[in-house]
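Q: Sequence first, then the predicted structure, then my questions.
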Amino acid sequence: MIRLQSQKILDYYDVPILFIAKDVEFDQLYVCSFVNFTEEGMVYIATHVDGDQLDAITLKKGRIAKVFKSADKVFTFLVNQESTDIIEAVLLEEDVEPFLPSSAYYIEPVCRHTIDGDN
């Protein structure tokens, strides 16, 4: 089991769809992807990402499903309305394929514009 703390939401539509979390014990980063709603709350999957993978996701239109497919370990966790920012995630014991986002899903890079009076 790992304990995650949300760091940055990358995609949001009524609920966080994709976000970056940090393992509070080992200071490692994880990408977390929304799976579905259940009666108990929202189900997510998560996997460890390194700096290159994080850059590919956030800056270079990296495909999210590819990160999960290439992962050694994928965790799953449940978030409900009463939960705190700390999320306990357990190792996913089943095939990750049904839980993956569409292979076409990616995050648009953030456009940074300098605003000045000459535009």
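A: Perfect, I can see it now.
Q: Can you tell me the SS state at the residue nearest in space to the middle of the chain?
A: Note on the chain: the residue nearest the mean C-alpha position is residue 32, at 2.2 Å, using Cα atoms, centre = their mean. With DSSP: H, G, I helix; E, B strand; the rest coil as the basis, residue 32 sits in strand.
Q: try residue 53
A: helix.
Q: And for the helix or strand containing residue 22, what's in contact with it?
A: Using DSSP states H and E, residue 22 sits in strand 15-23. Here strand 15-23 makes contact (Cβ atoms under 8 Å, 6 or more residues apart in numbering) with 2-11, 28-34, 42, 46, 48-49, 54, 64, 87, 101, 107. To be clear about C-beta, it is placed using only N, CA and C from the backbone, and glycine gets the same treatment.
Q: From those, list the buried ones, please.
A: Buried members of these, scored by 16 or more other Cβ atoms under 10 Å, are 2, 4, 10-11, 29-34, 42, 46, 48-49, 54, 64, 87, 101, 107.
Q: if I pick the residue nearest to the centre of the chain, what's in contact with it?
A: Contacts of residue 32 by Cβ under 8 Å, 6+ apart are 4, 6, 16, 18, 19, 20, 21, 44, 45, 46, 77.
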